[in-house]
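Colleague: need a 3D model of the sequence below.
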Amino acid sequence: MASRFVALTLGTLLLGAAPAWAKEPAARTADSEEAPAADETLTLKKGAKQVLTVPGLSRVALGDPSVADVKTTGKDGVEVSALAKGTTTLIVWGNGGKRRTYRIVVDG
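Modeller: Have a look, this model is predicted:
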């Protein structure tokens, strides 16, 4: 009975121990939860608009529609309208699936 107890205890300890080659998972930082780094920052006043030219425009994604609005203008244009103070991310895809990221900052 004692040998059975010792064997179970050792087995539990061995299974519970991490292998020597195992590493701790990387700690999450505040940066790891943020949007990808922007290629460019657009700073607009509330109510302002700016048109971006994206050759071969195929797709648009906007992070926070309460901060800015986007609409396509023609074949290669994206109009950004500043709605409210804050920051959001705009991603546009152009020729060959090339992606460009914009950080949009709206000042009050």
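
Colleague: how many residues are close by K71?
Modeller: Residues lying near K71 (other CB atoms under 10 Å) number 11. All C-beta atoms are positioned from the backbone trio N, CA, C, and that covers glycine.

Colleague: kindly report the same for V51.
Modeller: Count around V51 with other CB under 10 Å applied: 11.

Colleague: I'd like the next helix or strand past the worst-scoring helix or strand of the chain on mean pLDDT.
Modeller: Within the chain, confidence by mean pLDDT, DSSP states H and E is lowest for helix 2-16 among all helices and strands, at a mean of 51. Remark: after helix 2-16, the chain's next helix or strand is strand 40-45, criterion DSSP states H and E.

Colleague: just list the residues touching the nearest residue to Q50 once chain neighbours are set aside, thanks.
Modeller: Leaving out its chain neighbours, the residue that sits closest to Q50 by CB to CB, 6 or more residues apart in numbering is V80, at 5.1 Å. By CB atoms under 8 Å, 6 or more residues apart in numbering, the residues touching V80 are L42, L44, K49, Q50, V51, L52, A68, D69, V70, L90, Y102, I104.

Colleague: state the distance from V80 to G96.
Modeller: Applying CB to CB, to the nearest Å, the value for V80 to G96 is 23 Å.

Colleague: report the beta-bridge partners for T88.
Modeller: I104 (DSSP bridges).

Colleague: which ones are touching the closest residue to L44 other than its chain neighbours?
Modeller: Using CB to CB, 6+ apart and skipping residues adjacent in sequence, the residue nearest L44 is A82, 3.9 Å away. By CB under 8 Å, 6+ apart, A82 lies in contact with L44, K45, K46, G47, A48, K49, V67, A68, I104, V106.
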